[in-house]
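Enquirer: Attaching a predicted model along with its sequence, questions to come.
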Amino acid sequence: MDLTYTAEEEEFRARLREWLAGALPALPPKPSPDDWPARRAYDLGWQRRLYDAGYAGLHWPLDAGGRGATPVQHLIYLEETERAGAPYVGANFVGLLHAGPTIAAEGTAGQRARWLPPVLRGEEVWCQGFSEPDAGSDLAALRTRAWRDGDDYVVSGSKIWTSHAEVADWCELLVRTDPAAPRHRGISWLAMPMDAPGITVRPLPTLAGSAEFAEVFLDEVRIPVTHRVGAENDGWRVTMVTLSYERGTAFVGEVVACRRVLGELARAARDNGRWDDPALRRRLGGLNAEFRALWRLTQWNVSEAQRTGGVPGVGGSVFKLRYSHARQELYDAAAEVLGPEALDLEREWTRDRLTSLAYTIAAGTSQIQRNIVAERILGLPKGR
Amino acid sequence: MDFRLTEDQRALRDGVRALLTGRFGPEALRAAVARGGRGLDRALWRELGAAGFFSLRLPEADGGAGLGLPEAVLAFEEAGRVLLPGPLVATHLAAGQVAGAAAGETVVTAVHGGLVEWLDESDTVWDDAGGPSGAVAAGAVPLTSVDPLTPLHRIPEDLLTGPTDPLAVLLTAAEQLGNAARTCEAAVQHARTREQFGQPIGAFQAVKHLCAGMLVRVELARAAVYAAAVTADPVDIAAARLLADDAAVRGARDCLQVHGGMGFTWESDVHLYLKRAWVRARRGGSITESEDVLADDLIAGTGR
Ligand SMILES: Cc1cc2nc3c(=O)[nH]c(=O)nc-3n(C[C@H](O)[C@H](O)[C@H](O)COP(=O)(O)OP(=O)(O)OC[C@H]3O[C@@H](n4cnc5c(N)ncnc54)[C@H](O)[C@@H]3O)c2cc1C
């Protein structure tokens, strides 16, 4: 049980901090949340700076163009960038946090060379085409069909809730390549260029009023067979790799952000007099316990990942379950602090409160995570 | 940074577990329940002393093992797992200050959260401020304790001296963690074997999700308790306490639910875990004290 960082780790932190202090003031102003092209440009611009400074794909393996950093260094990176108020990973989310790592782990040398560098350099944006209208939690029920025609797959079907689809260059796409096979066996994982003919993207406004995600319709879209990652019909296994990254590491940096928000909430409550309410004070105190513990759990999981070579295990489900609910409680408490202002959509905390509602749904609902914890960690029997 | 247990820490934990399951397994637990709150097992107390349970953190020069809080927390977690009875925390904290405490020759109890455990069976009482207190013993009023393995006395308001010692809060949280982990295992074990509607009840999602919730609370509490053991920071300790109490109390309730009617019987051990969790939740002082510590920290903005 050692929570002190080594001299080497502290040196890494100090260098990063110094670089951030120089880089952040030079950032262009943050674009409006509804201006997607501007958001894309902003997010990619930041990625490019990270790349030039040697911080892109820090935790990716060296042979995938990453820096081969240890999980602890990655943790420090997430902590320091968030603490300094650096831009969030944004449109680079899928590429950096799960499509990229999946290609690094499962792709051929050619695929890695083609797709990984542009993600790191901030040149290409990825989206995730897993869910379908009738296949959300039951992902293996997906019906989007791909059949072989010469050197291409021809793909028809539709995807839904595809985040960043409007501005993406590539899509990690799950398709059914063998409809006769048992449902988990006939799936393949493809990289689909979003500018291919036959793709229609229809923005799907979210409850927050923004067009965060979209429906994607695929009408005989041709995708070269060479764009398949992993063997044909072995896509379910590849998908499990993707999901373990998505659940395992993708939310870690956000705990730091929540802790910052919590401190801001307390000070806002002191300034507007609500701090005198002992019930509110204790509620915020309880949330402080929650987020401190979530940070410790993160350190615990990172220490474990250090042993397994950085591959996140199902422990990510434990973290995601608790974190997603805590985040919702945080913004409910924020509403209490804001009072009537909490109903004003112009307030950042109000928008964040709406966004927090997605956390118990996206990347696998809480119910699905509980199934995973019960069956895969506790070994309870499968059933219904 | 490597938060995992070291080899030595794992060996220590396994050693304590082996000692306790051998010396205070389920049958010993039932026998202790049958004796009620009468008769603390002095022989066991001395064995714990000989094994270094109380002297763990004393310097080697003073006959201790020279270990730290993390090791003490691991030992108390194991004590919590088997529901080891007695004023363990108070005696451990008195080791090196009260003659015979370290060796398990003297049983020391203390005032925690306005209560004294095992008063009639102890040799001496400490108050909240960590000093010997004769007045406390004289003014204490007996309760009919809800926990058959923890006799209790209440302390009149005017004899209370102050907030509970953070180290006592932390070691109690460690016991709660062990309690929570054990009830989670017991629930899962039962859910795997008990059959209804022609299948193990653990295949039903309602049961499965109760168990998953228990594990999530245990894992979060573990991270918080171990971190507080490393930092010994009062804010970390307050956080550990809240999460460990929650994991222990709700875990025991959910365990009872998973056991169905069997869980409501005196014969099943489940109620013992719930009742002890209630007693310990009070031992850390009132919940609001901990919440206040954590709230003040937000304004102070120590952040870490
Ligand atoms: C903001 C946001 C962004 C998203 N981005 C993407 C993206 O980029 N790419 C992508 O592919 N997908 C994305 N998704 C989709 C997301 O993964 C799915 O919404 C999610 O997996 C749930 O599927 P569903 O919506 O079909 O709900 P359903 O599966 O229909 O679930 C409805 C309810 O039933 C419950 N339920 C379902 N099955 C079970 C079961 N076996 N046991 C118990 N309860 C069950 C669920 O928990 C839920 O409460 C996004 C979703 C959101 C909200």
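Expert: Okay, I see it. Keep in mind it's a predicted model, so treat the numbers as computed, not measured.
Enquirer: Which parts of the stretch 1-150 of chain B are strands?
Expert: Assigned strands in the stretch 1-150 of chain B, in chain order: B:108-112, B:115-117, B:124-126, B:141-142 (criterion: DSSP state E, counting those that start in this stretch).
Enquirer: can you count the residues close to A:R67?
Expert: 17 (other Cβ atoms under 10 Å in any protein chain shown). Every residue, glycine included, has its C-beta placed from N, CA and C.
Enquirer: and B:R38, which of the strands of the stretch 1-150 of chain B is closest to it?
Expert: When the strands of the stretch 1-150 of chain B are ranked by proximity to B:R38, the top entry is strand B:141-142, at 12.9 Å, counting by Cβ to Cβ.
Enquirer: Give me the mean pLDDT for the very next helix or strand once past the closest one.
Expert: Once strand B:141-142 ends, the next helix or strand along the chain (criterion: DSSP states H and E) is strand B:152-154. Strand B:152-154 shows a mean pLDDT of 94 in the predicted model.
Enquirer: Would you mind listing what in the stretch 51-200 of chain A touches chain B?
Expert: With Cβ under 8 Å from any Cβ of the partner chain as the criterion, the stretch 51-200 of chain A meets chain B at residues A:72, A:75.
Enquirer: Which residues of the stretch 51-200 of chain A lie near the ligand?
Expert: Within reach of the ligand by Cβ under 6 Å from any ligand atom, the stretch 51-200 of chain A has these residues: A:127-131, A:136-137, A:161-163.
Enquirer: Pull the most distant pair out of those.
Expert: Every pair in these was compared (Cβ to Cβ); the two farthest apart turn out to be A:C127 and A:S137, at 19.6 Å.
Enquirer: For those two, indicate the residue with more neighbours.
Expert: A count of neighbours by other Cβ under 10 Å puts A:C127 above the other of A:C127 and A:S137, at 28 against 12.
Enquirer: okay, the helix or strand that contains the more buried one in CSV with CA atoms only?
Expert: Counting by DSSP H and E, the element that carries A:C127 is strand A:126-129. Taking only C-alpha atoms (Å, rounded to 0.1, in the frame of the first residue of the first chain), the coordinates of strand A:126-129 have been written out as CSV:
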residue,chain,number,x,y,z
TRP,A,126,-13.6,8.2,-34.9
CYS,A,127,-17.1,7.3,-33.8
GLN,A,128,-18.6,4.1,-32.5
GLY,A,129,-21.3,2.2,-34.5
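Enquirer: what does it contact?
Expert: A:94-95, A:98-100, A:119, A:144, A:159, A:162-165, A:168-174, A:192, A:194, A:216 (Cβ atoms under 8 Å, 6 or more residues apart in numbering or on different chains).
Enquirer: quick one on the thing from earlier: quick one: which of the residues of the stretch 51-200 of chain A next to the ligand is nearest A:S32?
Expert: A:S32 lies nearest to A:S163 out of these, by Cβ to Cβ, at 17.9 Å.
Enquirer: Against chain B, how distant is the closest one?
Expert: According to Cβ to the nearest Cβ, to the nearest Å, A:S163 and chain B sit 26 Å apart.
Enquirer: Is there a neighbour count for the residue of the stretch 201-304 of chain B found nearest the ligand? I'd like the number.
Expert: Ranking the residues of the stretch 201-304 of chain B by distance to the ligand (Cβ to the nearest ligand atom) places B:Q205 first, at 5.8 Å. Other residues lying near B:Q205 total 16 when counted by other Cβ under 10 Å.
Enquirer: Could you double-check that it sits in contact with A:G383?
Expert: Yes. Taking contacts as Cβ atoms under 8 Å, B:Q205 lies within contact range of A:G383: 7.3 Å.
Enquirer: Could you grab the helix/strand/coil label for the residue in chain A positioned nearest to chain B?
Expert: Among residues of chain A, the one nearest chain B by Cβ to the nearest Cβ turns out to be A:G383. It sits 2.8 Å away. At A:G383 the chain is in coil, as set by DSSP: H, G, I helix; E, B strand; the rest coil.
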